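Asks: Sequence plus predicted model, see below.
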Amino acid sequence: MKNEWPLWEIFIRGQHGMSHRHVGSLHAPDAEMAIKNARDVYTRRNEGVSIWVVEANHIAASSPSDKGPLYEPSESKVYRHPTFFDIPEEVGAM
Amino acid sequence: MYAQMIKSEATQDDPEKLAAFQARIDAGEKIEPKDWMPEGYRKTLIRQIGQHAHSEIVGQLPEGNWITRAPTLERKAILLAKVQDEAGHGLYLYCAAETLGVSRDEITEMLLDGRMKYSSIFNYPTLNWADIGAVGWLVDGAAIMNQVPLQRTSFGPYSRAMIRICKEESFHQRQGYDAIRQMAEGTPEQKKMAQDALNRLWYPSLMMFGPSDKDSVHSAQSMAWKIKMNTNDELRQKFVDQTVPQAEYLGLTIPDPDLKWNDERGHYDYTDPDWSEFFDVIKGNGPCNVDRLAARNKAWDDGAWVRDGLLAHAKKKAARQHAAE
């Protein structure tokens, strides 16, 4: 297994102005080949205007079990949402 | 605005490339960091996005000033959340600027030694709690005027940062209006404080949009490049038209005796701010310029050991991991 190609995560910009979005993964020996492969695998129907590839082992991810400590604190901070404040209709959109 | 008086940089590029670049912009395409772009476009954007980012960061100071003295725990939590958002907005924008080839430290140092500016508005003090309401209502209201059209700006990372910021900005203005409304509907003394805050912050808020169009010499190139979407006077007028009914609802008076609805124009006529005051503040002579820069410099200097320490720790950890492999 020593000579296995590394896994790459593929990000595609769907159209001008949008962010790149993760679409999937593939194997390739290097970045250049990963882009070429991504073009063949993920943009055969004009799905993109730009490709990013990142070697999968360079991606650090939060742990699913940390969901509670990471996101629960913001649940009680309802005032971060604009709808928390009553704005009289007469004064227009705000 | 958060970016005021950004001078468009001259560009000396191949005319054919320039024409192709302009055609992309005219077609509504976004320019991305690795695309070819004129040097002038790059430099102007670094200045504009950088100034915008600095404004978000320095803008935390006048509001942070009242976090510990907010009148209730709820208001304190809200203000804290708002100031926290501003730090995030600064971060989005610094990152957008960094895609243009300037480093975070470089751009920070340019703020700290005065080579780069931040919005003139943050050189005014927040003297009491009513000012905090007025800042959210007026200053964030004025910022939104400019930031909403900038969501369509030609530079992709800037546009995407603005989209995110605008989503969060509505909370800022509404919490401000809510806070000042509570004062305006409170005791006579509270209402007087609300009026006093409006009196002091009205003209500085109008100044945020930058000099009058007739004195604004740098607009044409930036508008062609779609990094400036409206003229200063257009946005200022829009802000006045939006804000007058909001003040009326509160029973507060805009401190401009000549302010009146003009049926023919379909807009309010208003008095321009004192531009000599604006230029004086920009030059460094506003009430808080020295304090603001001193606070930013102190934060940068005091934080140096943390930045260095964490980096040293990360390097040590990486070296250990490397040795273990």
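Replies: That came through, no problem. Numbers count the residues shown, from 1 in each chain, chains lettered A, B, ... in the order given.
Asks: helices or strands next to the lengthiest helix in chain A in the packing?
Replies: Looking across chain A with DSSP state H, the single longest helix is helix A:31-42. Applying 3 or more C-beta pairs under 8 Å, 6 or more residues apart in numbering or on different chains; DSSP states H and E, one finds that helix A:31-42 makes contact with strand A:7-13, strand A:20-27, strand A:50-55. Any C-beta I mention is one placed from the backbone N, CA and C, and that applies to glycine too.
Asks: Report the buried residues of that helix.
Replies: For helix A:31-42, the neighbour count (16 or more other C-beta atoms under 10 Å in any protein chain shown) marks A:34, A:37-38, A:42 as buried.
Asks: what would those residues look like in a markdown table with pLDDT?
Replies: Output for these, formatted as a markdown table (pLDDT from 0 to 100):
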| residue | pLDDT |
| --- | --- |
| A:A34 | 97 |
| A:N37 | 96 |
| A:A38 | 96 |
| A:Y42 | 95 |
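Asks: In those, find the pair that's most separated.
Replies: Pairwise distances across these (C-beta to C-beta) peak at 10.9 Å, for the pair A:A34 and A:Y42.
Asks: hey, what's in contact with both of those two?
Replies: Common contacts of A:A34 and A:Y42 (C-beta atoms under 8 Å, 6 or more residues apart in numbering or on different chains): A:I10.
Asks: okay, and for the chain, where does confidence drop off?
Replies: Because you didn't say which chain, this covers chain A. A:1 (pLDDT under 70).
Asks: Sorry, I should have been clearer: chain B.
Replies: Along chain B, segments meeting pLDDT under 70 span B:1, B:217-218.
Asks: Can you show me the strands along it?
Replies: Along chain B, counting by DSSP state E, strands occupy B:260-262, B:267-269.
Asks: Chain B: which of the helices and strands packed on helix A:31-42 is closest?
Replies: strand A:50-55 (6.8 Å; C-beta to the nearest C-beta).
Asks: What residues does the stretch 1-150 of chain B have near chain A?
Replies: Taking C-beta under 8 Å from any C-beta of the partner chain as the contact definition, the stretch 1-150 of chain B meets chain A at B:28-30, B:32, B:74, B:77-78, B:81, B:85, B:141.
Asks: whoops, I mixed them up, the stretch 151-300 of chain B
Replies: Counting by C-beta under 8 Å from any C-beta, the stretch 151-300 of chain B sits next to chain A at B:156, B:159-160, B:170-171, B:173-175, B:177-178, B:242, B:245-246, B:249.
Asks: And those residues, which of them are buried?
Replies: B:156, B:159-160, B:170-171, B:173-175, B:177-178, B:242, B:246, B:249.
Asks: Just the ones of those residues in helices?
Replies: In helices, judged by DSSP H, the following of these are found: B:156, B:159-160, B:170-171, B:173-175, B:177-178, B:242, B:246, B:249.
Asks: Output the residues you listed in a markdown table; the columns should cover distance to B:G210.
Replies: Formatted as a markdown table, those follow (distance: C-beta to C-beta, whole Å):
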| residue | distance to B:G210 |
| --- | --- |
| B:G156 | 25 |
| B:S159 | 21 |
| B:R160 | 24 |
| B:S170 | 23 |
| B:F171 | 26 |
| B:Q173 | 20 |
| B:R174 | 25 |
| B:Q175 | 26 |
| B:Y177 | 24 |
| B:D178 | 29 |
| B:Q242 | 18 |
| B:Q246 | 22 |
| B:Y249 | 28 |
